[in-house]
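Colleague: need a structure here:
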Amino acid sequence: MKCLQSLEEEQICLIVANPWELIWDYEIEVPDFEIQQLGIKEIGEMAVYTVINIKEDKILANLVAPIIINSLNNTGKQIILSDTKY
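Modeller: Numbering: from 1, shown residues only. Predicted coordinates:
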């Protein structure tokens, strides 16, 4: 797990994890326009994280809305997957 810290709002921080460390057969299909919008040219430039929510006695991973990051320029966005089994 990692913390994804806002550079603009110091009090905003998300706990995130690599979804494949949680579910080995996690599958996503990121739409081409999302990849283009982030300036990702090759798959190796893309990092994928899932937001972790901790509530009382439960830990939940949001697999339906991963955060996609261009690891070269550190831009990213959360996308909502359609047609997903999660």
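Colleague: pull the longest strand from the protein.
Modeller: strand 58-70 (DSSP state E).
Colleague: Now it - C-alpha only, CSV.
Modeller: Output in CSV follows, covering the C-alpha atoms of strand 58-70 (Å, rounded to 0.1, in the frame of the first residue of the first chain):
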residue,chain,number,x,y,z
LYS,A,58,-13.7,-3.6,7.1
ILE,A,59,-11.1,-2.8,4.5
LEU,A,60,-12.5,-2.3,1.0
ALA,A,61,-10.7,-1.9,-2.3
ASN,A,62,-12.5,0.1,-5.0
LEU,A,63,-11.8,-2.1,-8.1
VAL,A,64,-14.5,-0.4,-10.2
ALA,A,65,-12.8,3.0,-10.3
PRO,A,66,-9.0,2.6,-10.5
ILE,A,67,-6.6,5.5,-10.6
ILE,A,68,-4.5,5.5,-13.8
ILE,A,69,-1.2,7.4,-13.6
ASN,A,70,1.3,8.3,-16.3
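Colleague: Could you list the buried residues of it?
Modeller: Ala61, Asn62, Leu63, Pro66, Ile67, Ile68, Ile69, Asn70 (16 or more other Cβ atoms under 10 Å). C-betas here are computed from N, CA, C, even on glycine.
Colleague: now stretch 23-38
Modeller: Tyr26, Val30, Ile35, Leu38.
Colleague: Helix, strand, or coil at the third one?
Modeller: Reducing the assignment to helix, strand or coil with DSSP: H, G, I helix; E, B strand; the rest coil, the entry for Ile35 is helix.
Colleague: That one contacts Met46, doesn't it?
Modeller: Yes - using Cβ atoms under 8 Å, Ile35 is in contact with Met46, at 7.2 Å.
Colleague: and for these two, which residues touch both?
Modeller: Ile68 (Cβ atoms under 8 Å, 6 or more residues apart in numbering).
Colleague: Closest one to Thr84 out of the buried residues of strand 58-70, please.
Modeller: Taking Cβ to Cβ as the measure, Leu63 is the one of these closest to Thr84, at 7.7 Å.
Colleague: any idea how far the closest residue to the closest one other than its chain neighbours lies from Trp20?
Modeller: In space, and not counting its chain neighbours, Leu63 is closest to Tyr86: 3.9 Å by Cβ to Cβ, 6 or more residues apart in numbering. To Trp20, Tyr86 is 13 Å away according to Cβ to Cβ, to the nearest Å.
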